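> Here is the input, now give the coordinates:
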Amino acid sequence: MSDAYTFSTVDGKTYSRQLFGFESVACAFAEEDLFFYSGLCTVQLPTSLSLDKLLPAVRASWIRLRHLSPTVAVTTSRLPDKSWVYTYTVPESQNAVDAWAQDTVFGYEEELTITERQTFLSPRIWRPSSGHYSLEMHVGPVNKAEGRWVFGIYGPHVNADGRSAMLLLEQLLLYFREDLVSVAPVLKWGTECKRLTATAVVLTGKFDNCMAAAAASPSAAPPAPPAGFIPFLPPPVYDPTLKGTSASRLLVFDQVKTQKIRELCKCHGRTMTQLIDSVVAVAHVETLLREAKASSEERYNTVVGLYETATNWLMPLTFKDQRRSLPGHSTLQSPNGTALFAVDGYTLMLDMDRIRKAVAFDKATGAFARDAGTAFWDGVVANYLDAWGQQKYDLTSFITRWAGFHAGLDTFSAQQMYVSAVATSSIGDVEGLGVMRDLKPAPGKLAVHDLMHSVDGNMPITLAVYWQYDGKFNVHFHSGRSFHSDREMDILARTFESWIDALTA
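Numbering: from 1, shown residues only. I've put the predicted structure just below:
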């Protein structure tokens, strides 16, 4: 079975494989204009350069990156049976690979900050079924005179995840640093094809046995929700006057505050992910109540009524990186490459009673009497740990979940994401993962000063992506522009930040 999901060729020139599981679902979302990923970084150059001087070196580095990780240059297409296919074509000449770089590297003259660049890119959407290259590189200035630029990986959230994008950007910038001062090496095309990797679950080495066992004794249907189950999912509000794709707020906590947050986690014996996801839950509930109160009496009554009766707060998706669990394929430098999309996905539910005790909302006054002590730590966080502990994280479970995603393709609907919920993704401590260590801010050197991750689409679900870099903790809240006003995004950012302030006081 794994052969279909492993690259193969009949002529030594064109390689292809089918996509599986979460990959296929990600393509289906992108086909509906949802879940386009951007991984951005602000780069300080040693000297100022014009775009005309910069782009040739970027293209040369992008070509070298393709040789190291050829999956960056695949195209996607869709078969009549709704299955998805990657296709890779070996360049027959330098002109061919130069043409690919011309088609996939984009440079801009307008000066924009990293957050402005993310908003600028977010309307850029294409259908995976169109045969478009799956990834692009975008470069634009923050301040030309100071030599500060934003570099970004962009494409449907299927051929790059948060951690692989950081690996790709790091390697591209290391190449770029060389290519600014020397001639790029001559590359032998065709030799890169050994690094065209199978789908992540095949790389576990357990895929065929796991799928055969599942076919021999089919698992029982997923358990039905408990009797009386009521999720806290207020109906989304669509406002056609709000134009654009992404509504975004980036919070950056300085090194002092970040250290306080880490010490807080250590004091309570919890990880950053356990703390932050729990804060996201209470902040999200508070935000919906605050926004409803500022909206209309009808909306307020709807949200408050659901707040009072809901049994569970729902997180439709949260993620775990599985790349380091792939034997022989755990890094970009692995001799046979690594999968650029290697995330596991789960659904989590928290007890609304625990959240109600922590936010302590008074319907009559619309005020909150938060309990950032016992109700939060022993209630919400403990409940989060219980919910997380109900999942299995071994490779067999990883394969099983992806198989479940794949089986659901026939009934896929983008409406699954049209809910007033939050999905979270913890990229982690970037330097702690061994990434960007040689590119940390330093005077007179090419350096990465900040990072940004986004998964965009004009949908009501909110994404909370967070990471630490250069000693600073970042949280990026973003969602569909037509479903979230500036006021609501401001409320969410302020509410989250005030919870962090209360916890670290």
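> residue boundaries of the helices in the stretch 401-505 of the chain?
Counting by DSSP state H, counting those that start in this stretch, the stretch 401-505 of the chain has these helices, from start to end: 486-504.
> all strands of it, in order?
422-429, 447-457, 462-469, 472-480 (DSSP state E, counting those that start in this stretch).
> need these in CSV with mean pLDDT, distance to Leu439 and mean neighbour count, can you?
Every residue, glycine included, has its C-beta placed from N, CA and C. As requested, the strands of the stretch 401-505 of the chain are arranged in CSV below (pLDDT from 0 to 100; distance: least, CB to CB, whole Å; neighbours: other CB atoms under 10 Å):
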stretch, mean pLDDT, distance to Leu439, mean neighbour count
strand 422-429, 96, 15, 22
strand 447-457, 96, 4, 23
strand 462-469, 98, 10, 23
strand 472-480, 97, 15, 23
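> nearest to Glu146, of the ones you listed?
Closest approach to Glu146 among those is made by strand 447-457 (11.0 Å; CB to CB).
> which helices and strands sit right next to that closest one?
strand 34-44, helix 114-121, helix 162-179, strand 246-253, strand 422-429, strand 462-469, strand 472-480 (3 or more CB pairs under 8 Å, 6 or more residues apart in numbering; DSSP states H and E).
> Please identify which of those is closest to Glu497.
strand 246-253 (6.0 Å).
> Could you report the neighbour count for the residue lying closest to Phe496 once chain neighbours are set aside?
Once flanking residues are discounted, Phe496 sits nearest to Ala283: 4.2 Å by CB to CB, 6 or more residues apart in numbering. Residues near Ala283, counting by other CB atoms under 10 Å, number 24.
> One more: the one 3 residues further on?
When neighbours are defined as other CB under 10 Å, Glu286 has 23 of them.
> One more: the one 3 residues further on?
Applying other CB under 10 Å, we find 22 other residues in the vicinity of Leu289.
> between the strand or helix carrying it and strand 422-429, what angle do the directions make?
Element membership for Leu289, per DSSP states H and E: helix 272-295. For helix 272-295 against strand 422-429, the angle between stretch directions is 140 degrees (axes from the mean of the first three to the mean of the last three CA atoms, to 10 degrees).
> rewinding a little: would you mind giving the strands of the stretch 401-505 of the chain as JSON lines with distance to Phe232 added?
Below are the strands of the stretch 401-505 of the chain laid out as JSON lines (distance: least, CB to CB, whole Å):
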{"stretch": "strand 422-429", "distance to Phe232": "11"}
{"stretch": "strand 447-457", "distance to Phe232": "22"}
{"stretch": "strand 462-469", "distance to Phe232": "14"}
{"stretch": "strand 472-480", "distance to Phe232": "17"}
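> closest to Ala60 out of those?
Per CB to CB, nearest to Ala60 of the strands of the stretch 401-505 of the chain: strand 447-457, 19.2 Å.
> Just checking: what are the partner strands of that closest one?
strand 34-44 (antiparallel) (DSSP bridges).
> Heading C-terminal from the partner strand, find the next helix or strand.
Counting by DSSP H and E, the next helix or strand C-terminal to strand 34-44 is helix 51-68.
> Could you list every helix and strand that that next one packs against?
Short answer (3+ CB pairs under 8 Å, 6+ apart): helix 51-68 packs on helix 94-104, strand 105-107, strand 136-143, helix 162-179.
> Now find how far off-centre stretch 397-412 is within its chain.
Remark: stretch 397-412 is offset 19 Å from the chain centroid, using CA atoms, centre = their mean, to the nearest Å.
> meant to ask about stretch 323-331
The answer for stretch 323-331 is 19 Å, by CA atoms, centre = their mean.
> From the opening residue of it to its closing one, how far?
End-to-end distance for stretch 323-331, by CA to CA, to the nearest Å: 8 Å.
> tell me which residues of that stretch are tucked away?
323, 325-326, 329-330 (16 or more other CB atoms under 10 Å).
> Max pairwise distance over those residues: which two?
Ser325 and His329 (9.6 Å).
> joint contacts of those two?
Shared contacts of Ser325 and His329, defined by CB atoms under 8 Å, 6 or more residues apart in numbering, are absent.
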